[in-house]
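Asker: Take this sequence and fold it.
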Amino acid sequence: MRDTQPIGKRDEMKQSMCIVGCGGYARIVLDDIYDMTDEFDFYFASRDIDKARQYSEDYGGAGYFGDYEEAAADPRVQSMYFFTPHDMHLDNVNLAARHGKHVLMEKPIARTVAEASAMVESARDGGIKLMIAENYRFLNTVDRAMEIMNAEGAENPIGDLRLIEMVVEGFSSPGEWRANLDRNGGGVFIDGGIHFVDIVVNVGGFPELVHAIQPPQLYPNVEGEDGILVTAALPGGAACVINFSRAIPVQSLRQVVKFTGSKGRISFDPRASELTIDTPDGQSTVEVQAVRRGVRGMVSEFRRSIEENREPVMSGYEGTKDLAVVLAAYESMRTGESVRLSLPER
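Answerer: Numbers count the residues shown, from 1 in each chain. So this is what the prediction gives:
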């Protein structure tokens with residue numbers, strides 16, 4: 001390990017987090033959180049030590065490692081944020097648990113419910129916190145929409161929830177390990193569509209029934225699906241439709257979420273700073289504070305869960321629920337039959 005910060009100068013109130021897996025998506029997240037130096041000292045680990053060194057230099061890191069085991073064993077590191085392929089997640093948690101390091105794991109939690117359950121058990125046995133890095137759980141647009149829909153009487157212009165609609169359209173072929181069915185655990189739905197599954201579970205509850213179909217494949221190099229249409233029956237009778245695709249030949253990514261109730265509709269781009277309320281009496285706009293894709297709030301919640309010794313909001317079990325919905329959609333897509341769901345065991 002190369003340490004670039006003297007031990008005596010560390011702020012005892014901070015936590016030390018090691019970023020594990022210095023790839024392209026890690027850089028996107030770091031661009032949002034690198035300045036959270038009042039909360040964290042950042043370390044970096046990669047199997048390519050030159051890459052770990054470069055990331056540490058680029059983001060003012062406290063040190064870097066050329067080996068995951070070395071990072072996990074270092075007493076300076078308190079937690080590990082894994083940006084690794086999905087087929088490595090179980091081994092990653094087992095490694096961290098052996099060394100008593102808390103884990104923030106990029107979504108999805110795993111490729112199968114069995115893997116996810118093993119990860120939760122490993123974290124429990126190791127006495128560590130396991131949080132899934134589902135940043136859409138921390139978006140102000142979603143939180144504000146839920147506040148509006150949960151308000152009483154005239155303060156709620158939407159009424160009882162009847163329908164959730166989501167359209168996500170982009171034009172980008174998955175590359176490298178994400179194009180491999182076994183390593184990724186599926187196609188674009190398990191990797192990106194799971195964000196929107198989490199919104200459904202968070203707002204409408206865990207689906208009771210799922211049906212899915214796959215449009216014709218556009219990208220021949222992608223072993224999993226490059227698009228999917230999912231319908232679901234939610235608790236209380238509400239319905240859900242998710243149209244998620246990375247194979248729509250358009251210039252820019254489009255994300256639209258709509259919640260329709262008995263009195264009106266609320267719609268928004270989850271990443272934006274406003275929501276539109278539409279009722280028979282007219283339209284209005286509600287502004288919210290932009291939150292850099294929810295990543296900062298997500299990382300702060302992870303830190304607080306460690307400090308307060310409690311389950312994080314986006315726990316391993318919450319991640320397992322999202323995964324179970326994705327896998328039910330895959331089963332339906334494969335068989336042509338609707339799939340009835342039950343909550344995963346804790």
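Asker: where along the stretch 151-300 of the chain do the helices fall?
Answerer: Secondary structure of the stretch 151-300 of the chain by DSSP state H, counting those that start in this stretch: the helices cover 181-184, 188, 194-204, 295-307.
Asker: longest helix anywhere in the chain?
Answerer: helix 316-335 (DSSP state H).
Asker: ok, and for that one, which residues are buried?
Answerer: 316-330, 332-333 (16 or more other CB atoms under 10 Å). C-beta: built from backbone N, CA, C; applies to glycine.
Asker: Could you do stretch 47-67 as well?
Answerer: Quick answer for stretch 47-67 (16+ other CB under 10 Å): 49, 51-56, 59, 61-66.
Asker: Can you convert the residues you listed into TSV and add a column each for secondary structure?
Answerer: Conversion of these to TSV gives the following (DSSP: H, G, I helix; E, B strand; the rest coil):
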residue	secondary structure
49	helix
51	helix
52	helix
53	helix
54	helix
55	helix
56	helix
59	coil
61	coil
62	coil
63	strand
64	strand
65	strand
66	coil
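Asker: which ones are touching residue 217?
Answerer: Residues in contact with residue 217 (CB atoms under 8 Å, 6 or more residues apart in numbering) are 225, 226, 247.
Asker: so what's the last one bridging to?
Answerer: With DSSP bridges as the criterion, residue 247 is bridged to residue 171.
Asker: Was I right to think it contacts residue 171?
Answerer: Yes - here residue 247 reaches residue 171: they are 7.0 Å apart, a contact under CB atoms under 8 Å.
Asker: who has more neighbours, the two?
Answerer: residue 247 (20 against 14; other CB atoms under 10 Å).
Asker: And residue 4, what's its pLDDT?
Answerer: As predicted, residue 4 sits at a pLDDT of 47.
Asker: With residue 199 instead?
Answerer: 98.
Asker: same thing with the one 10 residues further on?
Answerer: At residue 209, the pLDDT value in this model is 98.
Asker: Could you list the low-pLDDT ranges of the stretch 151-300 of the chain?
Answerer: Along the stretch 151-300 of the chain, no part satisfies pLDDT under 70.
Asker: now do 90
Answerer: Along the stretch 151-300 of the chain, segments meeting pLDDT under 90 span 153-155, 290-293.
Asker: What ranges does it have for its strands?
Answerer: In the stretch 151-300 of the chain, strands defined by DSSP state E, counting those that start in this stretch lie at 161-169, 209-213, 227-233, 239-245, 254-261, 265-268, 274-279, 282-287, listed in chain order.
Asker: Of all those strands, which one is nearest residue 193?
Answerer: The closest of the strands of the stretch 151-300 of the chain to residue 193 is strand 239-245. By CB to CB, the value is 4.0 Å.
Asker: Once you drop chain neighbours, what's closest to residue 226?
Answerer: residue 247 (4.1 Å; CB to CB, 6 or more residues apart in numbering).
Asker: Could you pull up the residues touching that neighbour?
Answerer: 171, 173, 215, 217, 218, 219, 226, 227.
Asker: What's the separation between the fifth one and residue 333?
Answerer: What it means is residue 218. 16 Å (CB to CB, to the nearest Å).
Asker: Now do the same contact list for the most centrally placed residue in the chain.
Answerer: Note on the chain: the residue nearest the mean C-alpha position is residue 134, at 2.3 Å, using CA atoms, centre = their mean. When contacts are counted by CB under 8 Å, 6+ apart, residue 134 touches 107, 194, 195, 198, 298, 314, 318, 319, 322.
Asker: If we use 6 Å, what do you get?
Answerer: Contacts here follow CB atoms under 6 Å, 6 or more residues apart in numbering; on that basis residue 134 touches 107, 198, 314.
Asker: ok, so of those, who is nearest residue 343?
Answerer: residue 198 (15.0 Å).
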